[in-house]
Each structure stands twice: as C-alpha cells, then as structure tokens.
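The following comprises the amino acid sequence and a computationally predicted model.
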Amino acid sequence: MIDGRLVPAGDVGRVAVDDGLVRGDGAFEGMRLYGRRPRTPGLHLDRLQRTADAIGLAVDRPVLEAELAAFCEATANPDCGVRLIVTRGGQRVWREEAIIPEDPAGIRLLPVPHRITPLLVGAKTLSYAANMEAGRRARSAACHDALLVDADAGLVLEGPTWSLGWLEAGTLVFPPLELGILDSITRRLASQALPVRERRAGLAELAAAEGALVLSTIQEARPVAEIRGVAAYDPAAPGVLAAAAAVREAIAAVVA
C-alpha cells in the first residue's frame, strides 16, 4: 500500500524518490499479523511517534490507523509481517513480509563491534545500513545473524533487528536500555511473563549463561545455539524452552 492505495500483486507501484529514501531519512515500524490481527498495534504506533518526534518528522496517526486496518484485510497471507515506512517527503508505504521459519537447531550469532549514533538513540529510523552490514558479515561467517557489541566497552547490546535476553539462575537478563538499544515491545511482553532484570554484561560473561533467546515482533522468542567464539548453548534446554513458551503465551494473550 502506497499512500493509502493498495498495490496488486505483481505491480511494483510508484514510489517518489524523495530525500527520505535517498538519504534514509524517515521512520519505520515492523508488526506481525496473527489471523489478520496485528499484535500490539497501539504500542507500535506509539513507538513510531516517538521516532518521528526524535527526528522532527510529521506523522498523521489517524491516517496510519485507518491504513493499517485496510492493509490487514488485504494481505496475501493472514499470518505475516507488516512493515510501515514513513519518509521525510511524507510518503507512507506498507509492505507485507514473510515469516522466516524457525531453525530447530537454534540461532548462531556472530559478535560484531558497533557504535550507536547518539542522535538516533532509541529511534527506528530508515538509517539501518550498519545493522544490515552486520547481518551480512554474520551470514558470510555461516551464522544466522550478528550480535552487536559496544566497540569501545565490549558490552552486549542487541541484534540488528531484535533484542537479546540470556538466562541466569532462571531469570531472563537484558542489557539496560540506557546503553542506547531499542525499547523492544516483545522484551516488554517478556517482562510481564517471566522474572527479568537488567545488567551491563561484557561479551565474555555470556559464556556462563544457561541459554539465550532472540526476541522480536517477527521472531517472537527463538533459542540461541551459539555465540561464535564465546558460548554454545542447548537450544532444547528445559529452561530455555520454558522461557520461550512463556513469551509466546504472553504474545497470544495480547493478540486475543
């Protein structure tokens, strides 16, 4: 859907090449549909508004709410990902995205040094080139994705498009948001379903964890099998599976 107009399958449509696309100047949100029902749409639009406020971008929430409702009814698949893009030039683009199946063997992560841009802390802008490059480096090393690590302090941050949580004595531990990482909505849901806490952790400290999970709107909660050069986990460990199940139950509850 481009500016409220549904684009039929096979029709690429027309998108204006404005500065938002040319310079990655805009905001986006990713949502997930369950039987055409979006999970926590209000929270996602709230976060989009915070991003827009952070970069001085005007958004019309009532218009976005109406377009979301129409788009949910029009997707080819009732269970899918939905990406909303709002550019500096004012374009609104909605895109349906497939859900990548979970690997039963667990997710393999490659640590990649990263520096968060101070001006964009906590914002989901279109400037994701560094995140995407980290993922490409991970895949070239036969891993599923990258784990971003503070290039100066060596502290664990997040993934390119997801949050990381690890288990310590049955508690799910997250890096503090004060490190500049995104305020994950799935992470919030996990905190309602499980005992959680925050702490700063160096990469090497994850070797002592009982397991780890990748959490995101699209992936929900998926076990980690390896952090390359740091730790190997059993993705089928009872504690890991129980934590993942608790997060999925919390997601199902808010969708219902």
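Received, thanks.

Name the nearest residue to residue 216, sequence neighbours excluded.
Leaving aside its sequence neighbours, residue 216 sits nearest to residue 162 (CB to CB, 6 or more residues apart in numbering; 3.7 Å). Where you see a C-beta, it was placed from the backbone N, CA and C, and this is true even at glycine.

got a pLDDT number for the one you found?
Here the pLDDT value assigned to residue 162 is 97.

Go ahead and confirm it touches residue 213.
No - using CB atoms under 8 Å, residue 162 makes no contact with residue 213, being 9.5 Å away.

still on that earlier bit, return the residues in contact with the residue nearest to residue 216.
Shown in contact with residue 162 (CB atoms under 8 Å, 6 or more residues apart in numbering): 145, 184, 214-216, 219.

now, which of those lie within strands?
145, 214-216 (DSSP state E).

export those residues to JSON lines and tack on neighbour count and distance to residue 18?
What follows is the ones in strands among the contacts of residue 162, written out as JSON lines (neighbours: other CB atoms under 10 Å; distance: CB to CB, whole Å):
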{"residue": "145", "neighbour count": "24", "distance to residue 18": "30"}
{"residue": "214", "neighbour count": "26", "distance to residue 18": "34"}
{"residue": "215", "neighbour count": "27", "distance to residue 18": "33"}
{"residue": "216", "neighbour count": "21", "distance to residue 18": "28"}
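
how close does the residue nearest to residue 216 sit to residue 8?
As judged by CB to CB, to the nearest Å, residue 162 and residue 8 stand 32 Å apart.

hey, where'd the helices end up in the stretch 51-200 of the chain?
Listed in chain order, the helices of the stretch 51-200 of the chain (DSSP state H, counting those that start in this stretch) span 61-74, 129-140, 185-193.

The closest residue to residue 211 other than its chain neighbours is in what secondary structure piece?
Counting by CB to CB, 6+ apart, residue 240 is the residue found nearest to residue 211 once chain neighbours are left out, at 3.8 Å. Assigned by DSSP states H and E, residue 240 falls within helix 238-255.

Next, the angle helix 185-193 makes with that helix.
Orientation check (axes from the mean of the first three to the mean of the last three CA atoms, to 10 degrees): helix 238-255 against helix 185-193 gives 110 degrees.

Just checking, which helix or strand of this protein averages the lowest pLDDT?
When the helices and strands of the chain are compared on mean pLDDT, DSSP states H and E, helix 19-22 comes out lowest with a mean of 86.

Who are the packing partners of the next helix or strand after it?
Once the chain leaves helix 19-22, the next helix or strand it forms, by DSSP H and E, is strand 26-34. Using 3 or more CB pairs under 8 Å, 6 or more residues apart in numbering; DSSP states H and E as the contact test, the elements touching strand 26-34 are helix 41-55, strand 80-87.

tell me the contacts of the residue lying closest to residue 186 once chain neighbours are set aside?
When the adjacent residues along the chain are set aside, residue 186 lies closest to residue 215, with 4.5 Å between them (CB to CB, 6+ apart). Contact analysis of residue 215 by CB under 8 Å, 6+ apart lists 162-165, 184, 186-187, 190, 221-222, 247.

of these, closest to residue 121?
Closest approach to residue 121 among those (CB to CB): residue 184, at 14.1 Å.

my read: that closest one touches residue 165, true?
No - in this structure, residue 184 is not within contact of residue 165 by CB under 8 Å, at 9.4 Å.

Looking at these two now, which is surrounded by more residues?
Set residue 184 next to residue 165 and count neighbours by other CB atoms under 10 Å: residue 165 wins out with 26 against 21.

Surely that one touches residue 171?
No - the criterion here is CB under 8 Å, and residue 165 misses it with residue 171 at 9.7 Å.

Between those two, which contacts overlap?
residue 196.
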